[in-house]
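Q: Predicted structure and sequence below. I'll ask about it afterward.
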Amino acid sequence: MPLHVVSVLALLSIAAGYTKRPSFKKPFPDPSLFHKSGRRLAAEGQKPERLHFEVEDGGYHFDYDFGGIPTIERVFNLDSQGVEGISCTRGHAYHNLTIFWSNLAVANAANLQKDVVITGSPEWGCSLSNASRKSSHSSDLVLHILKVDSSALGMLRTELHVLPVSPVQLFRNLYIDLSWYPLQGEGRHLQESCGDYTYGLNYDCQTQKAKDVYSIGPLACSNCYAALKATPGFQVETDNLGVPTKIALDLSPPLK
């Protein structure tokens, strides 16, 4: 990289909170696994035409149905190779996002334009999303481009006016149905488990009794616990305007 460009980036890092490309944690489950499989299912009952995925990762089996009509033409991922760093500042009517490129070829290939949606991992530390505003932790970036200022492209940067957008607004008639359960004998668990049980509450695997005594007002229980097998399920549906009509999280234990 030319010396004058390095100098410019160094000054910007001080003046505008430049964030160098971070190391990214592997997401769980790995999204790339879903890209490698999938079969289309016809509409049935209240379920629309959709894609069905079955993936195993980290000791869990995932069943995932996805359907919907995209409301955008293109998404650009900041995690892509060629993005050297970013700078983001919060505004009133819109926010400012500057992307620094490794070379002009990558910048031109990205071809960022109005109405393109930008996504990125929380490791960027850019707190422009509505979720990040209410939390001390950064979240995934989902930003809608309002305006592109490409006048600085010769300096290997693109300046954008952006606003956060909800992922559910990127589709009309969105349908998501996700369920997961641990594979027998595998390791990674969402909560404590042991033996044949998937989830435990106040349950000691060794003694097979309660860990602690529960006191509720004047009452006390020396052996209150829950140990069960369950298949969690998550559903999201939206109407043709992208407004959520159903958000549900279910736990379905088998009954004998």
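A: Received the coordinates, thanks.
Q: Now Leu146: closest residue in space, sequence neighbours ignored.
A: Leaving aside its sequence neighbours, Leu146 sits nearest to His161 (Cβ to Cβ, 6 or more residues apart in numbering; 4.4 Å). From N, CA and C alone the C-beta is placed, and that goes for glycine too.
Q: next one: Trp101
A: With sequence-adjacent residues excluded and distances taken as Cβ to Cβ, 6+ apart, Trp101 is closest to Ala107, at 4.1 Å.
Q: and if you look at Gly120?
A: Nearest to Gly120 is Leu78, by Cβ to Cβ, 6+ apart, at 3.4 Å.
Q: For that neighbour, grab the count of nearby residues.
A: Residues near Leu78, counting by other Cβ atoms under 10 Å, number 20.
Q: rewinding a little: where does the residue nearest to Trp101 land on pLDDT?
A: pLDDT recorded at Ala107 is 88.
Q: what helix or strand is it on?
A: helix 104-110 (DSSP states H and E).
Q: Check which helices and strands the helix or strand that that helix is followed by sits against.
A: Counting by DSSP H and E, the next helix or strand C-terminal to helix 104-110 is strand 117-120. Packing partners of strand 117-120 (3 or more Cβ pairs under 8 Å, 6 or more residues apart in numbering; DSSP states H and E): strand 75-77, strand 141-149.
Q: give the contact list for the one residue sitting closest to the centre of the chain.
A: Compute the mean C-alpha point of the chain, and by Cα atoms, centre = their mean the closest residue is Asp140, 5.6 Å away. Contact analysis of Asp140 by Cβ atoms under 8 Å, 6 or more residues apart in numbering lists 119-122, 129.
Q: For those residues, which entry has the maximal number of neighbours?
A: Gly120 (25 neighbours).
Q: so what pLDDT did it get?
A: 90.
Q: how much space is there between it and Ile72?
A: Distance of Gly120 to Ile72, given as Cβ to Cβ, to the nearest Å: 16 Å.
Q: Kindly report the same for Pro232.
A: From Pro232 over to Ile72 (counting by Cβ to Cβ), the distance is 30 Å.
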